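[1] show me how the following folds:
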Amino acid sequence: MASAPKTYQAARATYGASGELVWWVFMRISGLLLVFLVFGHLFFNNIQIDAGTIDFAYVANRLSQPGVKIYDTFLLAFAMLHGINGLRYSIEDHVRKPGRRFWTKVVVFSIAGIVFVLGTMTLWAFSYDEMGAAVRALD
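    The predicted structure is shown next:
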């Protein structure tokens, strides 16, 4: 089994100008971006404040800010694309029969698409201020 290319020149020699080269570059860039996005998310949600005090009011207040929604949308998008592309590589390596490989990818990509749409809807479609008032009214 051939080893994966480690440099851009090796990737270009292996993949040419195909979509695989684009995904190879994307995996390197998204992996680096994810490091900063995840550590930023952890800093703002667990280090900057006491994580034990996080409740619905805190989450609703944060998610009512458009900047936080944009940040979390980028985090979700890069994490989903990076993870699904890595899973695609694993499917290519381990599922040998072409028909089974195709249907495995269809199922995985469909589930990933549904999760991404639901995650994005959760971030953008709900008014967290109104939901917070409704939850507080239940108490």
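[2] quick test: name the residue nearest the centre of the protein.
    When Cα atoms, centre = their mean is applied to the chain, the residue found nearest the centroid is Ala79 (2.2 Å).
[3] for Asp72, see how far away it is.
    Here the criterion is Cβ to Cβ, to the nearest Å. By it, Ala79 lies 10 Å from Asp72. The C-beta positions use only the backbone N, C-alpha and C, and glycine is treated the same way.
[4] likewise Val22?
    When Cβ to Cβ is the yardstick, Val22 and Asp72 sit 25 Å from each other.
[5] neighbour count winner among these two?
    It is Asp72, of Val22 and Asp72, that has more neighbours when counted by other Cβ atoms under 10 Å, with 19 against 11.
[6] residue contacts, the closest residue in space to the more buried one that isn't next to it in sequence?
    By the measure of Cβ to Cβ, 6 or more residues apart in numbering, the closest residue to Asp72 outside its immediate chain neighbours is Leu123, 5.6 Å from it. Contacts were defined as Cβ atoms under 8 Å, 6 or more residues apart in numbering; by that measure Leu123 touches Leu63, Lys69, Asp72, Thr73, Leu76.
[7] show me the helices in the chain, by range?
    Using DSSP state H, the helices of the chain run over residues 8-15, 19-42, 56-63, 66-94, 98-124, 128-138.
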